[in-house]
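>>> I would like the atomic coordinates for the input below:
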Amino acid sequence: MRIVITGNGKAGSWKIRGEQLGHAIGADVMPNAMARNLEGYDVCICVKKPTSATVNFGNTVFDMVDCWPQPFHRGDHFQYVREKMHGFKYTIAATERMQSDVSASWSLRHHYRPNIQENQIRKEVKTIGYEGAAHYITEWMPFIMRECKERGWRFECNPANLASCDVVLGLRGNEWRNYASDNWKSGVKFSNAIGSLTPFIALPESGYKEYGIRFESVNVFDDLKTAFDNIADHDYRLSLAEEYKNNKQHYSLEAVAADYLEWLKTKF
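I've put the predicted structure just below:
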């Protein structure tokens, strides 16, 4: 089975679900493929943004990861995504909730970054990390910095090495929160936390809750104090890291790619 995977080649989701996962399943990875580029392939996978070339190909799978604009407070999320689904033979959701909501063909979890280093779970918390664009957490920053200052902790945005942080955050401000982010957003931040064995504090999004693995849940700004109090306990962080280690293999690139390829073989 000859597989080509394409997308706009810009977003982080393309690097993960396009380049990394594409190579792992033995696909030809081709950003912004035109109709003429798809000749000779049995299956075309389109990541995030559909194009006329992929819609008209026929045997096309649409990976709908993060396919809606952000922020999205106007209009109907359901209608928007269902319109994007038109013309594709199969569709893949980023969460089980999204699969159920829009009747997608399947849902696929995110893998953690290949070759990610493991956290050693230091005795004391010193650094809180966050991976992502800083503007998504602007509303959280006064609370994060206040709590860090009181404890003598340091906050680092986009650390070079996630395992150098004692805790990692998965937050977004209210400006960026909506039904889609709470229920359809992928769990990539949690996957990286699991892969690096780094304790995780995050919003109670479906993309995290569906893993069935413990993390410290916060929903409003005032929850952060309690979460930081809890996560400061060394034994608690050790227990989280042990749980992550026991589940880590399920979120490796190899494991996710194997499940992906097996699913594709049942469809084509």
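>>> now the end-to-end length of stretch 163-176.
27 Å (C-alpha to C-alpha, to the nearest Å).
>>> could you find the closest non-adjacent residue to Ile144?
In space, Ile144 comes closest to Phe155 once its chain neighbours are excluded; the distance is 5.7 Å by C-beta to C-beta, 6 or more residues apart in numbering. All C-beta atoms are positioned from the backbone trio N, CA, C, and that covers glycine.
>>> three-state assignment of the one you found?
Local secondary structure at Phe155 is given as strand here, using DSSP: H, G, I helix; E, B strand; the rest coil.
>>> ditto for the one 4 residues further on
Three-state assignment for Pro159 (three-state DSSP): coil.
>>> what's it sitting at in phi/psi?
phi -60, psi 150 (degrees, to the nearest 10).
>>> give the burial count for it, as a bare number.
By other C-beta atoms under 10 Å, the residues close to Pro159 number 16.
>>> go ahead and confirm it touches Gly132.
No: between Pro159 and Gly132 there is no contact under C-beta atoms under 8 Å: 11.4 Å.
>>> now for Ala133, how many residues are close by?
So Ala133, with other C-beta under 10 Å, has 14 neighbours.
>>> between the two ends of stretch 181-200, what distance do you get?
Across stretch 181-200, first to last residue, C-alpha to C-alpha, it's 18 Å.
>>> and that stretch, how far out from the chain's middle?
Centroid displacement of stretch 181-200 relative to its chain, using C-alpha atoms, centre = their mean, to the nearest Å, is 6 Å.
>>> distance of Asn161 from Gln120?
12 Å (C-beta to C-beta, to the nearest Å).
>>> grab the nearest non-local neighbour of the spatially most central residue of the chain.
With distances taken as C-alpha atoms, centre = their mean, the residue of the chain nearest its centroid is Val188 (2.4 Å). Distances taken as C-beta to C-beta, 6+ apart put His110 closest to Val188, at 4.1 Å, once the chain neighbours are dropped.
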